[in-house]
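Asks: mind folding the following:
(3 chains)
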Amino acid sequence: MKSEPNVYSIDDLKKEKRACWDGVRNYQARNFMRDEMKIGDLVLYYHSNAKPPGVVGIAEVCREGYPDHTALDPKDPHYDPKSSKDNPTWMMVDLKFVEKFAEMVTLDKLKATASLEGMLVTRRGQRLSVQPVESKHFKVVRKLGAG
DNA sequence: GCCAACGTTGGC
DNA sequence: GCCAACGTTGGC
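Replies: Below is the predicted model:
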C-alpha cells in the first residue's frame, strides 16, 4: 500500500499504532480492500512521492473492508456525492503497525533485485495505491529491509 | 516542474 | 459505446 510520507508516513502509523485507510478513490484499489484483504494479512508500506520512493516497513490488516466514512462527509476533501450511507461506493480497511525496516528498500533497489522481477510496483506507470504482492516477493523485500 | 501513464467524465 | 478532454499519480 502506498502513502505519501508528507500525508501519512510509516512513522505516523508507528506513533498512532493503527489507522483507517481512508480516501482511496480508485475502484481497483477498493476492490482489493473490499474483497481480498483479510485480518492478519501483512502489507508492505510504500512511501510514494518521496525522495527516494520505496518500501519502508510492514503493517497488518486489523479490520476488513467497511465503508469509508470520509466519502459521506461533504466537508471532507474526499467527499463523493455518489456514495451514500445505504449504498457506500468506497471502502477501506484498518491497518496496524508491525515494523519499520532497519533499511528502507528503495524503488531503485526493488528494480535492481532479480528475484523481484515482475513485482507490480516496479512497473512503469503503475499508479495503483493498493496492489497485490506475491508472497515470494514479500519475503524478499522483508529480508532486504532487515538490512 | 515536467510529463508519461492512465482513470474518469461528458458530448455526441 | 466511442473518444477527446481533463485530472491525478508519482517517478524523474
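Asks: can we go C-alpha only for contacts and neighbour counts from here?
Replies: Noted.
Asks: test my guess that A:Thr106 contacts A:Pro53.
Replies: Yes - if you go by C-alpha atoms under 8 Å, A:Thr106 and A:Pro53 touch, sitting 5.8 Å apart.
Asks: hang on, A:Tyr79 in a helix?
Replies: No - counting by DSSP: H, G, I helix; E, B strand; the rest coil, A:Tyr79 falls outside a helix, being coil.
Asks: what residues are up against the residue nearest to it when sequence neighbours are not counted?
Replies: For A:Tyr79, ignoring the flanking residues on the chain, the nearest one in space by C-alpha to C-alpha, 6 or more residues apart in numbering is A:Ala71 at 4.1 Å. Contact analysis of A:Ala71 by C-alpha atoms under 8 Å, 6 or more residues apart in numbering lists A:23, A:78-81, A:83, A:90.
Asks: could I get the full set of helices for chain A?
Replies: Ranges of helices in chain A, per DSSP state H, are A:10-16, A:27-31, A:107-112, A:135-145.
Asks: re the thing from before, mind checking how far the residue nearest to A:Tyr79 is from A:Gln131?
Replies: Here the criterion is C-alpha to C-alpha, to the nearest Å. By it, A:Ala71 lies 21 Å from A:Gln131.
Asks: same deal with A:Leu95?
Replies: Distance, A:Leu95 to A:Gln131, by C-alpha to C-alpha: 15 Å.
Asks: try A:Val98
Replies: Distance, A:Val98 to A:Gln131, using C-alpha to C-alpha: 19 Å.
Asks: before we move on, what about A:Asn87?
Replies: From A:Asn87 across to A:Gln131, the span is 24 Å (C-alpha to C-alpha).
Asks: these two: which has the busier surroundings?
Replies: It is A:Gln131, of A:Asn87 and A:Gln131, that has more neighbours when counted by other C-alpha atoms under 10 Å, with 19 against 9.
Asks: can you pull the pLDDT of A:Val130?
Replies: Predicted confidence (pLDDT) for A:Val130: 96.
Asks: residue ranges with poor pLDDT in chain A?
Replies: Within chain A, no range satisfies pLDDT under 70.
Asks: tell me if I'm right that A:Gly65 and A:Met91 touch.
Replies: Yes - contact criterion C-alpha under 8 Å: A:Gly65 and A:Met91 qualify, at 5.8 Å.
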